[in-house]
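1. quick one, structure for this:
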Amino acid sequence: MSLVTGEEPGAREAESILERLAATALDDDYYVQHDTPPSSLSRVLTGVVAALFGLLLTVAAVQTRNDRPATEAERDALVENIQLRQDLVDGKQESAERLREEIADLQAASVDDNPGTTALKIAAAALPVEGPGIVLQVQSSEDEDQPAGRLTDTDVQLVVNGLWLAGAEAVAVNGHRLTATSAIRSAGEAITVNFRSVTEPIVISAIGDDETLLNQWEQGPSGRYLQERGEAAGIEYRVQRSDDVELAAAPEARLSVSAEPLRRSTS
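-> A predicted model of the protein is given here:
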C-alpha cells in the first residue's frame with residue numbers, strides 16, 4: 001500500500017524543472033561586469049557609420065529638392081492638357097448645339113404654312129383646332145344587374161371610327177386628341193385612351209360640318225350600333241351639335257413615330 005502525501009511526485013519534478021529553467025535563462029556573461037572601455041577602433045567605426053548616415057540624409061534631401069521642379073513641371077503639363085481637352089469638348093458641344101439650331105431652322109423653313117401643310121398638320125393632330133362639330137356623351141347603363149350594360153372599349157372604338165367615317169376632321173375622347181397612333185383599350189374595368197384612363201361619362205368631340213357630320217353618323221353603322229346597344233342593354237348616350245368645338249393638339253411625344261421601310265425578299 002502506498003502512502004498519500006501532500007504533493008504528488010510528478011508535481012515536484014515539474015516545479016524543479018521550472019526552477020532550473022528560470023535560473024539558467026540568462027547567459028553567465030550577462031552577470032559579468034565589463035570595466036574595459038571601448039577601443040579606439042570601435043569609436044572610429046561608430047563615427048564613420050554616423051557620418052555615412054548623415055551623408056545619406058543629406059543626399060536624399062538634395063535629391064528631393066532637385067526633383068521638385070520636374071514634378072511641378074509634370075503637374076503643370078497635366079493641368080494644361082486637361083484644360084486643352086476641356087476646351088475641345090466645350091467647342092464640340094457648342095458646334096453640336098449650333099448644328100441642332102440650324103437643323104431646326106431648316107425644318108421650319110422646309111414646311112411653310114400654307115393650306116396644304118396646315119391640313120396635314122391638322123390631320124396629324126399637330127395643331128389645335130376649333131370650329132363647328134358635334135359632341136357625343138356616352139355612359140354605362142344605370143341598371144347594375146344588366147351585365148351587358150357596361151360601356152366597353154369596343155363601344156368607344158366603334159363610335160370614334162364612325163365619326164371618322166362620317167367625315168370628322170379631328171376627334172378627341174375626354175380631351176385626348178386622337179392620332180394615327182392612338183390606342184383605345186381596356187385595362188381591367190377601366191377604358192384607356194392613349195394609355196390613360198378615362199372616366200364616365202365619356203365625351204367624344206368631333207370637328208366638321210355639324211349638320212352633315214350628325215346625319216352621316218346617325219345613319220351610319222356606328223350610330224345604328226349605339227342605338228341598338230341603348231335599346232338592348234340600356235347604354236345611355238346623347239348627341240348635340242355645336243358651333244364652337246375646341247380640340248387641343250396631341251402631345252409631341254405621340255407625334256413621333258420610328259419606322260423602317262419593308263424590304264422585299266430577294267429569294
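2. how far does the longest helix along the chain sit from its chain's centre?
-> Taking DSSP state H as the assignment, the helix of the chain that covers the most residues is helix 40-110. Relative to the centre of its chain, helix 40-110 is centred 37 Å away, using Cα atoms, centre = their mean, to the nearest Å.
3. by how many degrees do the helix or strand following it and helix 40-110 diverge?
-> Counting by DSSP states H and E, the element after helix 40-110 in chain order, helix or strand, is helix 115-123. Angle of helix 115-123 versus helix 40-110, following axes from the mean of the first three to the mean of the last three Cα atoms, to 10 degrees, is 120 degrees.
4. now for the next helix or strand after helix 115-123, which elements pack on it?
-> Next helix or strand after helix 115-123 toward the C-terminus (DSSP H and E): strand 129-139. Applying 3 or more Cβ pairs under 8 Å, 6 or more residues apart in numbering; DSSP states H and E, one finds that strand 129-139 makes contact with helix 153-165, strand 202-207, helix 210-219, strand 236-247. Yep, even glycine has a C-beta here, placed from its N, CA and C like the rest.
5. mind checking the SS state of Gly167?
-> coil (DSSP: H, G, I helix; E, B strand; the rest coil).
6. tell me where the model's unsure across the protein.
-> 1-15, 18, 21-38, 66-70, 107-116, 253-267 (pLDDT under 70).
7. now tabulate the helices and strands packed on strand 129-139 in TSV and tack on mean neighbour count and distance to Ala123.
-> Formatted as TSV, those follow (neighbours: other Cβ atoms under 10 Å; distance: least, Cβ to Cβ, whole Å):
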stretch	mean neighbour count	distance to Ala123
helix 153-165	19	11
strand 202-207	22	12
helix 210-219	17	16
strand 236-247	15	12
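8. could I get those as a markdown table with distance to Arg229?
-> Formatted as a markdown table, these follow (distance: least, Cβ to Cβ, whole Å):
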| stretch | distance to Arg229 |
| --- | --- |
| helix 153-165 | 7 |
| strand 202-207 | 13 |
| helix 210-219 | 14 |
| strand 236-247 | 8 |
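9. ok so, going back, the longest helix of the chain - contacts with which helices or strands?
-> For helix 40-110, there is no helix or strand it packs on, judged by 3+ Cβ pairs under 8 Å, 6+ apart.
10. got the domain ranges for this protein?
-> 41-110, 128-251 (automatic domain parsing).
11. which of these sits most buried?
-> Among those, domain 128-251 has the highest mean neighbour count (mean count of other Cβ atoms under 10 Å), at a mean of 17.
12. span of that domain from start to end?
-> Distance between the two ends of domain 128-251: 11 Å, counting by Cα to Cα, to the nearest Å.
13. tell me the gap between it and the middle of its chain.
-> With Cα atoms, centre = their mean, you get 35 Å for domain 128-251.
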